[in-house]
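In: Quick one: sequence and predicted model below, then my questions.
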Amino acid sequence: MLANALDMVAALPLPALLIRDDERIVAANDPARALLGQGIEGRHFITALRQPGLLDAIEGCLKDGAPRRTEYLTNDGQQDTTYRVMLGAVALDRGRAVLVSFEDVTPLEQVGQMRRDFVANVSHELRTPLTAVMGFIETLRGPARNDPVGQERFLSIMQSEAARMNRLIGDLLSLSRVESEERVRPTDRVDPAELVRSTLRGLQGLAETAGVTLVADLPETPFTITGDADQLRQVLTNLVENGIKYGGKGASVTVTLSPPGIQPRLRTEGVTLTVADTGPGIAAYHLPRLTERFYRVDSHRSREQGGTGLGLAIVKHIVGRHRGRLRIDSVPGQGTTFTVSLPVG
Ligand code: ADP
């Protein structure tokens, strides 16, 4: 009977151990040895496991045979790892043993943490403009009741704060739409050069107001790629708008489209779309985190420019849905270049 139990422990894919009622570990499979150390077999479980929650659960289970679950926390040298530990009694010919199995739930924990961070971020982003609007409503009803000049000024601030909330909600909805479609491949035929021309036309007014020059460098022969036209327009809009917003007066934003050709980064035929600005650039250590939601290099400047912190996260998801690649290069003081490689087919 014990031999069968030992074989079963060895066959389990998760780390698993068997502890007999003499409190010794009588079996441990390879994953358990990798987790808890070679040579744990034969040892008293207290010296091998050492975490009070788990030790209590094993003692309890050895005593009454009732199943239990607990947690085991370790650090693999790089990150904290959380295991969900399940305990169940196994009847042996003579006495009882406890089967202890470990399931790595770190990814689940991380998803949970990301969700909590996201909700906290969104709440914070909405609360700031909302607090401003509520404050101005009070002012309009009280001290500014008979002050038409003040009223006009407060209403205009309220309008821009409401517009900020509206942009944030718009970006959140876009992000959730893009995420929900991420596994659905786009099917439209899109003329990317035409998309660049019409997007730049739409942003010309914004660029003029900011004193930024927009330049397009497009191939002469028209061609199409498979994509989602609205989403690709959003990629271009977000990137060019950032170039305008952060570029500053006197900067230029150049959009370049390459004709179809083999793209080493995609290992297939594709095109590259680059959006390069001559703005202040971004320090290298920010680059890896730039596409995270709500990550900003300079929060104050982003908010002042009406940024939501979601533009590049949206770009990254859209490019991912198109099986493309996004690359960001920047030299502080010289400018930033966003390169989007997209497969043709
Ligand atoms: P935001 O709404 O804040 O612009 P994004 O996700 O579009 O959010 O961009 C994230 C951050 O990356 C911005 O807050 C800004 O600090 C930085 N950034 C994006 N594009 C540029 C650019 N062209 N030049 C300099 N910084 C940029």
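Out: Nice, thanks for sending it over.

In: Can you give me the pLDDT of A284?
Out: As predicted, A284 sits at a pLDDT of 95.

In: List the contacts of it.
Out: When contacts are counted by Cβ atoms under 8 Å, 6 or more residues apart in numbering, A284 touches S330. (Glycine included, C-beta is placed from N, CA and C.)

In: Look up how far the ligand lies from it.
Out: Distance, A284 to the ligand, by Cβ to the nearest ligand atom, to the nearest Å: 13 Å.

In: Which secondary structure state is assigned to V111?
Out: When states are read from DSSP: H, G, I helix; E, B strand; the rest coil, the local structure at V111 comes out as helix.

In: Sorry, wrong one. I was asking about A66.
Out: Assigned by three-state DSSP, the conformation of A66 is coil.

In: For the residue nearest to P260 when sequence neighbours are not counted, give its distance to the ligand.
Out: Excluding its sequence neighbours, the residue lying closest to P260 (Cβ to Cβ, 6 or more residues apart in numbering) is V344, at 4.9 Å. Shown here: V344 relative to the ligand, a distance of 27 Å by Cβ to the nearest ligand atom.

In: and the nearest residue to A28 once chain neighbours are set aside, what are its phi and psi?
Out: Excluding its sequence neighbours, the residue lying closest to A28 (Cβ to Cβ, 6+ apart) is L17, at 4.7 Å. Backbone geometry at L17, expressed as degrees, to the nearest 10, gives phi -140, psi 160.

In: Quick check, pLDDT for L17.
Out: Looking at L17, its pLDDT is 95.

In: cool, D80 as well?
Out: 89.

In: got the contact list for it?
Out: Per Cβ under 8 Å, 6+ apart, neighbours of D80: L73, T74, T106.

In: Tell me who's in contact with the last one.
Out: By Cβ under 8 Å, 6+ apart, the contact set of T106 is Q79, D80, T81, T82.

In: Filter the residues you listed down to the buried ones.
Out: With neighbours counted using 16 or more other Cβ atoms under 10 Å, the contacts of T106 contain these buried positions: T81, T82.

In: At which residues are the strands of this protein located?
Out: Listed in chain order, the strands of the chain (DSSP state E) span 16-20, 25-28, 68-75, 80-91, 96-104, 188-190, 213-217, 225-227, 252-257, 261-263, 268-277, 325-331, 335-343.

In: and stretch 298-305, how far from the chain's centre?
Out: How far stretch 298-305 lies from its chain's middle: 21 Å, per Cα atoms, centre = their mean, to the nearest Å.

In: For it, list the C-alpha coordinates in CSV.
Out: Extracted in CSV, the C-alpha atoms of stretch 298-305 (Å, rounded to 0.1, in the frame of the first residue of the first chain):
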residue,chain,number,x,y,z
ASP,A,298,6.3,63.8,-16.4
SER,A,299,2.8,63.5,-14.9
HIS,A,300,2.4,67.2,-14.6
ARG,A,301,3.2,67.9,-18.3
SER,A,302,1.0,65.0,-19.4
ARG,A,303,-2.0,66.3,-17.5
GLU,A,304,-1.3,69.9,-18.6
GLN,A,305,-1.4,68.6,-22.2
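
In: going forward, begin numbering at 38 instead of 1
Out: New numbering, starting at 38: the last item is stretch 335-342.

In: quick one: contacts of that stretch?
Out: Identification of contacts with stretch 335-342 by Cβ under 8 Å, 6+ apart yields R201, K282, Y283, R333, G346.

In: Of all pairs in these, which one is the farthest apart?
Out: With Cβ to Cβ as the measure, no two of the contacts of stretch 335-342 lie farther apart than R201 and Y283, at 17.5 Å.

In: among the strands of the chain, which is nearest E216?
Out: Nearest to E216 among these is strand 362-368 (15.8 Å), distances taken as Cβ to Cβ.

In: for the nearest residue to R226 once chain neighbours are set aside, what are its contacts?
Out: Among residues not flanking R226 along the chain, T261 sits closest, at 4.4 Å (Cβ to Cβ, 6+ apart). Neighbour list for T261: R226, V227, D228, P229 [criterion: Cβ under 8 Å, 6+ apart].

In: on that earlier part again, if you average pLDDT over each of the strands of the chain, which comes out lowest?
Out: Mean pLDDT values for these show the minimum at strand 298-300, a mean of 88.

In: and that one, what does it pack onto?
Out: Packed against strand 298-300, as judged by 3 or more Cβ pairs under 8 Å, 6 or more residues apart in numbering; DSSP states H and E, are the following elements: strand 305-314.

In: between the strand it packs on and strand 250-254, how big is the angle?
Out: If you take axes from the mean of the first three to the mean of the last three Cα atoms, to 10 degrees, strand 305-314 sits at 160 degrees to strand 250-254.

In: mind listing what strand 305-314 pairs with, with the direction of each?
Out: Here strand 305-314 has these sheet partners by DSSP bridges: strand 289-294 (antiparallel), strand 298-300 (antiparallel), strand 372-380 (antiparallel).
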